[in-house]
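A.B. asks: quick check, what structure comes out for this input:
(2 chains)
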Amino acid sequence: NAGVTQTPKFQVLKTGQSMTLQCAQDMNHEYMSWYRQDPGMGLRLIHYSVGAGITDQGEVPNGYNVSRSTTEDFPLRLLSAAPSQTSVYFCASSLNRGGGSKEQYFGPGTRLTVT
Amino acid sequence: AQSVSQHNHHVILSEAASLELGCNYSYGGTVNLFWYVQYPGQHLQLLLKYFSGDPLVKGIKGFEAEFIKSKFSFNLRKPSVQWSDTAEYFCAVNSNYQLIWGAGTKLIIKP
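C.D. replies: You can find the predicted model right below:
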């Protein structure tokens, strides 16, 4: 199986543009999450989901929306891109609903630059 | 709010040197603890984890970590590093449905 996949790998946006980062997993994991990684700050949780139809906010949710219509997919939408959203975005999944407490499997990341 | 502190942001060692990376957390309850590694150009992968039982846990590639509850610490160790251990290392602790992450330590091994 492919594990956790993310598209695109790289993206450049202009301020104010919107876009969707795609994330999919084929491991039938209930828990999925989005992080952003910034230098010197580790990973910060944006949004997470404990199952289809259920999402919740993490530490830094402002400016981002998510939905979870299927178990496999967990897209992240940037509503109106800002330079502060320049970052590397990682999607992760875990088998159980309590996945935040268990091992998470990460995608390869999307490097986003907002100019 | 819970937090995770990694003491060193950058560590430079020579091959065969011993490694210890510090990690302290603030949560006082039952914890699950993790070390993840990110090799250059690759995504994060699990190095080792502690849920319960023996506080000395062994992970992949010769790494180990010791959970010391009284010190709220989960330090990562390796007796003899290799050039291929050059990577960024992250400590994380659970909090309900979320993992709280340290800022990471960049490890550079000189050949």
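
A.B. asks: quick one, strands of chain B?
C.D. replies: B:4-6, B:10-14, B:19-21, B:23-25, B:33-38, B:45-50, B:56-58, B:64-68, B:73-78, B:87-95, B:98-101, B:105-110 (DSSP state E).

A.B. asks: between strand B:10-14 and the last one, find me the angle.
C.D. replies: For strand B:105-110 against strand B:10-14, the angle between stretch directions is 20 degrees (axes from the mean of the first three to the mean of the last three CA atoms, to 10 degrees).

A.B. asks: how far off centre is strand B:105-110?
C.D. replies: 13 Å (CA atoms, centre = their mean, to the nearest Å).

A.B. asks: enumerate the residues of chain B near chain A.
C.D. replies: B:4, B:6, B:9, B:32, B:34, B:42-46, B:49, B:90, B:92, B:94-99, B:101-104 (CB under 8 Å from any CB of the partner chain). The C-beta positions use only the backbone N, C-alpha and C, and glycine is treated the same way.

A.B. asks: who are the contact partners of residue A:81?
C.D. replies: Applying CB atoms under 8 Å, 6 or more residues apart in numbering or on different chains to residue A:81 gives the contacts A:13, A:14, A:15, A:16, A:17, A:18, A:19, A:114.

A.B. asks: tell me which of these fall in strands.
C.D. replies: Per DSSP E, the contacts of residue A:81 map to strands at A:13, A:19, A:114.

A.B. asks: and the gap between the most centrally placed residue in chain A and chain B?
C.D. replies: Centroid-nearest residue in chain A, with CA atoms, centre = their mean: residue A:34, separated by 2.7 Å. Residue A:34 sits 12 Å away from chain B when distances are taken as CB to the nearest CB, to the nearest Å.

A.B. asks: show me where chain A has its strands.
C.D. replies: A:4-7, A:10-13, A:19-25, A:31-37, A:43-51, A:54-57, A:64-66, A:76-78, A:87-94, A:105-106, A:110-114.

A.B. asks: single out the most deeply packed of these.
C.D. replies: Highest mean neighbour count of the strands of chain A: strand A:31-37, a mean of 25 (counted as mean count of other CB atoms under 10 Å in any protein chain shown).

A.B. asks: pLDDT weak spots in chain A?
C.D. replies: A:97-101 (pLDDT under 70).

A.B. asks: note down every partner strand of the lowest-mean-pLDDT helix or strand in chain B and its orientation.
C.D. replies: The weakest-scoring helix or strand in chain B, judged by mean pLDDT, DSSP states H and E, is strand B:98-101 (a mean of 84). Strand B:98-101 pairs in its sheet with strand B:87-95 (antiparallel), by DSSP bridges.

A.B. asks: hmm, who's touching the strand it pairs with?
C.D. replies: By CB under 8 Å, 6+ apart, the list of residues contacting strand B:87-95 from outside reads A:42-43, A:100-101, B:2, B:4, B:6, B:21, B:23, B:25, B:27, B:31-40, B:44, B:47, B:74, B:76, B:99-102, B:104-107.
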